[in-house]
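**Q** give me a 3D structure for the following:
(one chain, ligands or ions: 2)
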Amino acid sequence: MEIAAGATTSLHYCTSSSIGIEKISGKTNGGGFFKFSEKRCNEKKKNNSFVVLNSGKRWRGAVMKTGERKFVDFELSCSYKNTQAPAVESETNYTSVDEALILKKKSQDVAPYLSGCCIYLVGMMGSGKTTVGKILSEVLGYSFLDSEFGFNEFLCNDPIMLNAVLIIINDSCAHFSDKLVEQAVGAPSVAQIFKEYSEEFFRENETKVLGDLSLMRRLVVATGGGAVIRPINWKYMKQGITVWLDVPLEALARRIAAVGTASRPLLHNEPGDAYTKALVRLSVLSEERDVVSKVGLRDVNDLTPTAIAVEVLISPFLFLSHVRFN
Ligand SMILES: Nc1ncnc2c1ncn2[C@@H]1O[C@H](COP(=O)(O)OP(=O)(O)O)[C@@H](O)[C@H]1O
Ligand SMILES: O=C(O)C1=C[C@@H](OP(=O)(O)O)[C@@H](O)[C@H](O)C1
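**A** Ligands and ions are numbered 1, 2, ... in the order given. Now for the predicted structure:
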């Protein structure tokens with residue numbers, strides 16, 4: 001069944017598996033066609049056309065059959081504006097129709113080789129681990145884990161709670177974020193942990209959580225930027241595939257300045273505005289960590305999060321199992 005979506009211009013990303021999209025075509029600044037799989041949609045080819053009735057974050061469409069309307073809800077985030085896919089450094093996650101297609105295709109190609117293996121994203125603060133990780137997990141049908149959520153005393157010191165969360169994660173493809181779990185268990189934020197305990201305490205828990213996660217499957221883990229500093233963490237991440245998101249410091253500082261430094265305690269003690277704080281501290285940290293020069297991956301600054309997700313999927317490192325930090 002072909003579905004004409006005349007109103008759409010650009011897509012964030014789509015949970016195509018949930019609606020059985022076989023094919024998406026269209027221009028970033030024009031209309032698009034969505035081809036649903038027969039099986040999922042259970043509609044006959046003829047007499048069907050599609051009208052977008054509503055738009056916004058979720059779409060609702062109507063499959064028009066002769067004289068009758070059948071509503072189909074589907075999760076296809078879209079931009080209603082008649083604009084090109086936005087500039088890369090914007091705050092949005094929009095991606096073009098082409099990108100969404102490529103991502104879907106690549107994920108299908110790669111999934112059999114992954115065999116449920118976890119993907120760890122590493123990189124400096126602001127490099128896009130959370131943003132890209134969510135996209136990747138969605139397209140792969142993996143659970144997403146912003147590993148920081150577990151870096152708190154409630155989860156790590158309470159084996160029952162930790163196990164409960166890990167079981168939920170293991171059993172579902174739901175998306176988790178540190179914020180959600182923090183709210184659920186009333187746990188402190190990373191910034192609070194740094195303030196009330198210490199960075200060392202945080203690092204200990206970070207390692208503990210990575211150890212637990214290394215026993216699991218089908219996870220995309222957005223690690224904290226500092227996870228690379230402990231060799232033991234690399235040992236855990238070696239159980240899966242580790243990909244470094246390498247972004248120039250100026251771009252990182254710009255991104256962080258745009259959202260503020262509140263959630264990034266390592267930047268709190270620097271003087272100056274958010275951009276300067278971020279740039280100064282990140283320069284020091286990146287020298288200390290020195291991962292970029294060692295792994296030499298390509299710079300992903302000028303790519304959208306979806307394009308980066310594609311890069312992760314097709315990365316040759318995927319087949320070399322991980323990027324090693326010597
Ligand atoms: N490829 C990208 N292009 C532009 N902005 C991006 C990109 N990836 C992420 N961002 C933005 O940068 C900020 C930090 O991203 P985030 O995913 O939280 O990074 P991390 O988890 O690595 O700290 C967010 O505001 C996000 O929207
Ligand atoms: O670089 C770091 O040492 C840190 C990065 C943060 O995560 P993000 O990379 O997600 O910002 C968080 O783990 C903590 O504030 C320490």
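**Q** hang on, isn't Gln116 packed against Val220?
**A** Actually, residue 116 is Gly. It isn't Gln. No - at 11.7 Å, Gly116 does not count as touching Val220 under the criterion of CB atoms under 8 Å. All C-beta spots, glycine's among them, are computed from the backbone N, C-alpha and C.
**Q** residue ranges with poor pLDDT in the stretch 51-200 of the chain?
**A** Counting by pLDDT under 70, the stretch 51-200 of the chain contains low-confidence ranges at 51-95, 147-188.
**Q** hmm, back to that, which one of Gly116 and Val220 has more residues nearby?
**A** Using other CB atoms under 10 Å as the criterion, Gly116 and Val220 rank with Val220 on top: 28 against 13.
**Q** can you tell me the closest non-neighbouring residue to that one?
**A** Ser137 (4.0 Å; CB to CB, 6 or more residues apart in numbering).
**Q** would you mind listing what in the chain touches ligand 2?
**A** Met125, Lys129, Glu148, Val190, Gly224, Gly225, Gly226, Arg264, Pro265, Leu266 (CB under 6 Å from any ligand atom).
**Q** tally of neighbours for Ile256?
**A** Ile256, neighbours per other CB under 10 Å, totals 23.
**Q** and the strands in this protein?
**A** For the chain, the strands defined by DSSP state E cover 2-5, 10-14, 21-26, 32-36, 49-54, 59-65, 68-74, 76-79, 119-122, 143-146, 219-222, 241-244.
**Q** so for the first one, mean pLDDT?
**A** Meaning strand 2-5. For strand 2-5, mean pLDDT is 32.
**Q** likewise the third one?
**A** The pLDDT scores in strand 21-26 average 34.
**Q** near ligand 1, which residues of the stretch 101-250 of the chain?
**A** Where proximity means CB under 6 Å from any ligand atom, the interface of the stretch 101-250 of the chain facing ligand 1 comprises Gly123, Met125, Gly126, Ser127, Gly128, Lys129, Thr130, Thr131, Ala222.
**Q** and the residues you listed as TSV, adding distance to Ser214 and neighbour count?
**A** Output for these, formatted as TSV (distance: CB to CB, whole Å; neighbours: other CB atoms under 10 Å):
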residue	distance to Ser214	neighbour count
Gly123	19	25
Met125	23	21
Gly126	25	25
Ser127	22	25
Gly128	23	25
Lys129	17	26
Thr130	20	16
Thr131	23	20
Ala222	15	30
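**Q** what is the nearest of these to ligand 2?
**A** Met125 (3.5 Å; CB to the nearest ligand atom).
**Q** farthest pair within the residues of the chain next to ligand 2?
**A** Maximum pairwise distance in the residues of the chain next to ligand 2, criterion CB to CB, is 16.8 Å, between Lys129 and Pro265.
**Q** looking at the residues of the chain next to ligand 2, which one is closest to Leu303?
**A** Among the residues of the chain next to ligand 2, and counting by CB to CB, the member closest to Leu303 is Lys129, at 14.2 Å.
**Q** any idea how far that closest one lies from Asp273?
**A** 24 Å (CB to CB, to the nearest Å).
**Q** check Met124 too.
**A** Taken as CB to CB, the span from Met124 to Asp273 is 19 Å.
**Q** between these two, who's got more neighbours?
**A** Met124 (25 against 11).
**Q** quick check: closest non-adjacent residue to the more buried one.
**A** Of all residues not flanking Met124 in the chain, Gly225 sits nearest, at 4.9 Å (CB to CB, 6+ apart).
**Q** just Ala307 next, same as before
**A** In this structure, Ala307 finds its nearest non-sequential neighbour in Glu99, 5.7 Å apart by CB to CB, 6+ apart.
**Q** neighbours of the one you found, just the number please.
**A** Neighbour number of Glu99 under other CB under 10 Å is 23.
**Q** ranges for the helices of this protein?
**A** In the chain, the segments counted as helices under DSSP state H are 16-19, 38-41, 97-114, 129-140, 153-156, 159-171, 178-185, 190-196, 199-213, 231-237, 249-259, 274-289, 292-295, 305-314.
**Q** for Gly272, grab phi and psi.
**A** Dihedral pair for Gly272: phi 100, psi -180, per degrees, to the nearest 10.
**Q** that one reaches Arg281, doesn't it?
**A** No - with contact defined as CB under 8 Å, Gly272 does not reach Arg281; the gap is 10.2 Å.
**Q** report the buried residues of stretch 222-232.
**A** By 16 or more other CB atoms under 10 Å, the buried positions in stretch 222-232 come out as Ala222, Thr223, Gly224, Gly225, Gly226, Ala227, Val228, Arg230.
**Q** what's the span of it from first residue to last?
**A** End-to-end distance for stretch 222-232: 17 Å, by CA to CA, to the nearest Å.
**Q** picking up where we left off before, for Val243, which of the helices of the chain is the nearest?
**A** Val243 sits nearest to helix 305-314 of all those, at 4.9 Å, using CB to CB.
**Q** buried residues in the closest one?
**A** Pro305, Thr306, Ala307, Ile308, Ala309, Val310, Glu311, Val312, Leu313.
**Q** swap in stretch 278-285?
**A** Buried-residue list, stretch 278-285, by 16+ other CB under 10 Å: Ala278, Leu279, Val280, Arg281, Leu282, Leu285.
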